[in-house]
Every structure is written in C-alpha cells, then in structure tokens.
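Visitor: here's a sequence, model it:
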Amino acid sequence: MFAERLKQFRREHGLTQADLAHTLHVDASRISRWERGEPMPHQVIDRLNSAYAINAYDWFEQEDPQKQQAADQGSPRVIHMNNGTKPSAEVEENWRAKALDVLSRMTDMLESLLKSSRGGGRTDR
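Guide: Numbers count the residues shown, from 1 in each chain. Okay, the predicted model is just below:
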C-alpha cells in the first residue's frame with residue numbers, strides 16, 4: 001500500500017513529516033493524511049520522485065517475493081504491439097510510468113466525483 005511505503009520511506013531517510021512537507025511544499029498535516037491512506041495528488045508524487053530520485057513504479061512493487069510471484073500470476077501485463085519482440089527495460093518503464101500517471105489521474109477524478117455527489121466537493125469547476 002502506498003501509505004505504508006511513504007511512511008517507511010520517510011523513516012528510512014530520517015525525515016520528520018515536517019521535513020518531507022517542506023521538501024514537497026505542502027503542510028505537514030498533509031503528510032500525516034497521506035500516511036493514513038488518503039490519496040496523494042500525482043503532482044506531489046512527481047515532486048517526491050524528483051526530489052529523491054525515485055522510480056514511480058517502485059512505490060507499487062511488492063516487497064515479499066512470494067506475494068510478488070502470486071501477484072504476477074494473476075495480473076495483466078503490458079502488451080506491446082511490436083512484432084513480438086521484447087521491449088527494452090527503458091521502454092517498459094516508460095509504459096509503466098505512463099500507466100501509473102493515467103491511473104493516478106483517474107483516481108483523482110473519481111475522488112472528485114464522489115465528493116461532489118456527496119455534497120462535499122466544489123461544484124464551480
């Protein structure tokens with residue numbers, strides 16, 4: 001889960017929530033919320049990845065090899081239409097980054113729609 005990874009990352013780097021918030025140009029209370037599972041906007045994830053040279057895909061990888069193997073067996077793979085040749089690692093990573101960006105944007109849109117439908121979101125957009 002992303003929230004757990006974020007907290008683990010912060011602690012491994014010896015950062016307080018305030019330190020990380022300063023780097024990301026957000027309020028420290030946001031870090032606390034994100035570590036409890038609230039979605040982090042993709043722009044902030046991009047800043048985090050840039051500031052600490054993190055690969056976006058690393059946030060979602062499984063740590064336990066058995067869990068990873070089980071996840072790989074049931075999860076769809078990116079399919080490339082390139083005459084059956086295996087894509088380079090760079091091309092594969094580029095596709096993964098793009099897919100994560102699209103998923104993040106979709107999550108943001110769905111969250112906004114849910115808030116609007118509950119009367120908690122702004123309707124002046």
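
Visitor: when you work out contacts or count neighbours from here on, use the C-alpha atoms and nothing else.
Guide: OK.

Visitor: where does this structure dip in pLDDT?
Guide: Within the chain, the stretches with pLDDT under 70 are 56, 60-87, 119-125.

Visitor: domain ranges for the chain?
Guide: 1-54, 76-125 (automatic domain parsing).

Visitor: out of those, which one sits most buried?
Guide: domain 1-54 (a mean of 15; mean count of other C-alpha atoms under 10 Å).

Visitor: how far does that one stretch from one end to the other?
Guide: Using C-alpha to C-alpha, to the nearest Å, the end-to-end distance of domain 1-54 comes to 16 Å.

Visitor: distance from it to the middle of the chain?
Guide: Taking C-alpha atoms, centre = their mean, to the nearest Å, one finds domain 1-54 lying 11 Å from the centre of the chain it belongs to.

Visitor: what do you get for stretch 49-56?
Guide: The answer for stretch 49-56 is 11 Å, by C-alpha atoms, centre = their mean.

Visitor: for the residue lying closest to residue 38 once chain neighbours are set aside, which residues are in contact?
Guide: Counting by C-alpha to C-alpha, 6 or more residues apart in numbering, residue 3 is the residue found nearest to residue 38 once chain neighbours are left out, at 7.8 Å. Neighbouring residues of residue 3 by C-alpha atoms under 8 Å, 6 or more residues apart in numbering: 34-38.

Visitor: I'd like to know which of the residues you listed are part of helices.
Guide: 34-35 (DSSP state H).

Visitor: ok, the contacts of residue 3 vs residue 114, which is closest?
Guide: The closest of those to residue 114 turns out to be residue 38 (C-alpha to C-alpha; 13.8 Å).

Visitor: shouldn't residue 101 be in contact with residue 42?
Guide: Yes - with contact defined as C-alpha atoms under 8 Å, residue 101 reaches residue 42; the gap is 7.0 Å.

Visitor: report all helices and strands that the biggest helix by length in the chain contacts.
Guide: The longest helix of the chain (DSSP H) is helix 89-117. Helices and strands touching helix 89-117, by 3 or more C-alpha pairs under 8 Å, 6 or more residues apart in numbering; DSSP states H and E, are helix 42-51.
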